[in-house]
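**Student:** okay, structure incoming, though there's no sequence with it:
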């Protein structure tokens, strides 16, 4: 049996905004195995972003349990959380979140700064990651000179530079045209094929269908949790090509 | 993350906001410049005055009439007539003050000195030939007057360099007759240019026998002060004691509080000068320090703006694995680096202005103003500026490190 990477039981999240309580998650339960490619879908306000933030240790939860890599998330110290974010997770954001006035190489090197990797390996490691997303020719460009698709590919290189087992992608194609969107999704799919677990947040069906499994959220609850048939995926892939 | 990399990250952070960083440190630059300049000038002034005081010689003892002034309003006590011939004779007796090498009474006045049509006011110092030994200034032309001339109440004068220059210009002054208070004095000696030696400017003085000064100029029978020399430096202390005992006995004083004279040694003067200039320097430096506080608040302000502006960057760094400590270190280092650079620039500017001032002051004061910027001043400048960065950077850095990565990433 494959290892469970993520185990979530009755997860709840309530935001307190002054006097009013907003419930973003009202008790969701699911497991994610190593190597899975899961898309989390749902309309805005369904709680999908909140879920991703909690899974990525970027936000805390109100109730329920969350085990990451076999350990209760509430038992992780601040130091360990920073380490998990650095070594075990990669993040891809809708808004890219690259450092302005900084080169592609420097941006991709950023996680290495906090990783304890020996400094003489930084450039080589970062260059390899940039090569994987096909941007070697842009390595010394400042990020402001890149197109949206290229920016997101830099963000992907940054997410995988520490070879984390799981990569979180929060609407990675949301700011892109469909052509660069598919390019980005193909890279993400390739990463999955290489063994990375992918957790993708999206509201676009065509992006979600790169995944093997789609979890649909509505009003803070899981509406459906389905495996995507191989046949549909193949058809989709050939359609995109 | 190693300290070296935190340092690099901080420098990169400052570089991306180059011109703003430069403007931010202006307050620190000005503050440190002012402190360095003030400390340098204070040190220069102190050195200058102390050197002049040292010109008196370390075994010199000055006996002044009246008790020691207790404050600015107490100056009336100086103008007493407690030092006369009787006191001079008593002090000259070896049995009274064995450690005394020699002693001269001094009668000082300001008077017009004229030669032909040239008239100018100078210090007229009535004293004995001992004055030459005490100041170490001997005539470059002619001679000082002798003991006999003093006894004869001779109308002779030894004139300072500037006096000669003012009254005679380039022509010879020796054996010419000058007038002081309508009395004719023969110039028998001309002193070389020496500036201030001890506590008065030798160049602007006319020396005449004290007997002559009393008879023709002051018309009094008392002296303004006695200047004496102990046989050597070691005997100054007990010689001062012997002088006190002798004068108290002579004046029937049992309570030292009621002394009608006081004694000043070179060491006393040096100490007083040192205290005064130190207090002045500290006082002025404290005023300059205000600008550092203002500069520090400016730094804090800008760092807070920078933290807010870079909220997303902070969130991102945290999402990529930066710990709170990494973020705190980065922003604290940026702030300390910023102020330290300001301090460094301030030290350079301050040293430059001190150097410039030394050149100008040498021209103005006419004596050798020595340019000094002490290691202490430099270390203080660097230390203070780094400290300002640390103190005023702490709050912004803490608020940066405490940002939640999720909220930070959402920040627009």
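**Tutor:** Noted; the coordinates are in hand. Since the structure is predicted, the reported quantities are computational estimates derived from the model, not experimental observations. Residues are numbered from 1 along each chain as shown, chains lettered A, B, ... in the order given.
**Student:** look up how far residue B:48 lies from the residue nearest to residue B:105 when sequence neighbours are not counted.
**Tutor:** Leaving out its chain neighbours, the residue that sits closest to residue B:105 by Cβ to Cβ, 6 or more residues apart in numbering or on different chains is residue B:223, at 4.0 Å. Placement of C-beta: from N, CA and C, glycine included. Distance, residue B:223 to residue B:48, by Cβ to Cβ, to the nearest Å: 29 Å.
**Student:** neighbour-wise, which of those two wins?
**Tutor:** Remark: of residue B:223 and residue B:48, residue B:223 carries more neighbours, 27 against 20, as counted by other Cβ atoms under 10 Å in any protein chain shown.
**Student:** what about residue B:59, how many residues nearby?
**Tutor:** If you count neighbours by other Cβ under 10 Å, residue B:59 ends up with 20.
**Student:** contacting residues for it?
**Tutor:** B:101, B:229, B:230, B:231, B:232, B:233, B:235, B:236, B:266 (Cβ atoms under 8 Å, 6 or more residues apart in numbering or on different chains).
**Student:** of those, closest to chain A?
**Tutor:** Ranked by distance to chain A (Cβ to the nearest Cβ), those are led by residue B:266 at 63.1 Å.
**Student:** one step back: mind checking which of the contacts of residue B:59 are buried?
**Tutor:** B:101, B:229, B:230, B:235, B:236, B:266 (16 or more other Cβ atoms under 10 Å in any protein chain shown).
**Student:** got the residue ranges for the strands in the chain?
**Tutor:** You didn't say which chain, so I picked chain A. With strands called from DSSP state E, chain A shows them at A:4-17, A:20-33, A:37-41, A:63-68, A:71-72, A:89-92, A:166-170, A:197-202, A:213-218, A:221-227.
**Student:** sorry, I should have been clearer: chain B.
**Tutor:** B:60-65, B:100-115, B:118-127, B:141-142, B:156-159, B:177-180, B:183-190, B:196-197, B:200-201, B:205-209, B:225-230, B:261-265.
**Student:** what's the nearest residue to the residue of chain A found nearest chain B if we skip its chain neighbours?
**Tutor:** Going by Cβ to the nearest Cβ, chain B is nearest to residue A:86 of chain A, at 2.3 Å. Counting by Cβ to Cβ, 6+ apart, residue A:86 lies nearest to residue B:321, which is 2.3 Å off, once chain neighbours are set aside.
**Student:** so the one you found makes contact with residue A:90?
**Tutor:** No - Residue B:321 lies out of contact with residue A:90 (Cβ atoms under 8 Å); the separation is 10.2 Å.
**Student:** so what sits against both of these two?
**Tutor:** Residues touching both residue B:321 and residue A:90 (Cβ under 8 Å, 6+ apart) are A:111, A:162.
**Student:** more crowded one of these two?
**Tutor:** Per other Cβ under 10 Å, whichever of residue B:321 and residue A:90 has more neighbours is residue A:90, with 29 against 26.
**Student:** list the contacts of that one.
**Tutor:** By Cβ under 8 Å, 6+ apart, residue A:90 lies in contact with A:111, A:158, A:159, A:160, A:162, A:164, A:166, A:167, A:168, A:196.
**Student:** quick check: bridge partners of it?
**Tutor:** Under DSSP bridges, the beta-bridge partners of residue A:90 are residue A:167.
**Student:** identify all contacting residues around the helix ranked longest in chain A.
**Tutor:** Secondary structure assigned by DSSP state H gives helix A:178-193 as the longest helix of chain A. Applying Cβ under 8 Å, 6+ apart, the contact partners of helix A:178-193 are A:35, A:37, A:92, A:132-134, A:147-150, A:152-153, A:156, A:160, A:167, A:169, A:172-173, A:176, A:198, A:200, A:207, A:210, A:240.
**Student:** within range of chain A, give me the residues from chain B.
**Tutor:** Proximity of chain B to chain A, by Cβ under 8 Å from any Cβ of the partner chain, involves residues B:1-2, B:5, B:9, B:12, B:16, B:312-313, B:315-324, B:326, B:404-406, B:409.
**Student:** now the residues you listed: which count as buried?
**Tutor:** Buried among the residues of chain B next to chain A (16+ other Cβ under 10 Å): B:1, B:5, B:9, B:312-313, B:315-324, B:326, B:405-406, B:409.
**Student:** in the chain, where is pLDDT below threshold?
**Tutor:** In the absence of a named chain, this looks at chain A. Low-confidence segments of chain A (pLDDT under 70): A:1-2, A:230-241.
**Student:** wait, chain B was what I had in mind.
**Tutor:** Scanning chain B for pLDDT under 70 picks out B:1, B:69-79, B:198-199, B:366-367, B:412.
**Student:** and the residue in the stretch 301-412 of chain B that chain A sits nearest to, its phi and psi?
**Tutor:** Closest to chain A within the stretch 301-412 of chain B is residue B:321: 2.3 Å, counting by Cβ to the nearest Cβ. The phi and psi values for residue B:321, taken as degrees, to the nearest 10, are phi 120, psi 10.
**Student:** which residues touch the closest residue in space to residue B:221 that isn't next to it in sequence?
**Tutor:** Nearest non-adjacent residue to residue B:221, counting by Cβ to Cβ, 6+ apart: residue B:84, 5.8 Å away. Residue B:84 makes contact with B:221, B:222, B:223, according to Cβ under 8 Å, 6+ apart.
**Student:** report the buried residues of stretch A:136-147.
**Tutor:** By 16+ other Cβ under 10 Å, the buried positions in stretch A:136-147 come out as A:138, A:139, A:142, A:143, A:146.
**Student:** so what touches that stretch?
**Tutor:** Stretch A:136-147 has contacts (Cβ under 8 Å, 6+ apart) with A:96, A:98-105, A:107, A:127, A:130, A:150-151, A:154, A:180.
**Student:** what's the end-to-end length of it?
**Tutor:** Its first and final residues considered, stretch A:136-147 spans 15 Å by Cα to Cα, to the nearest Å.
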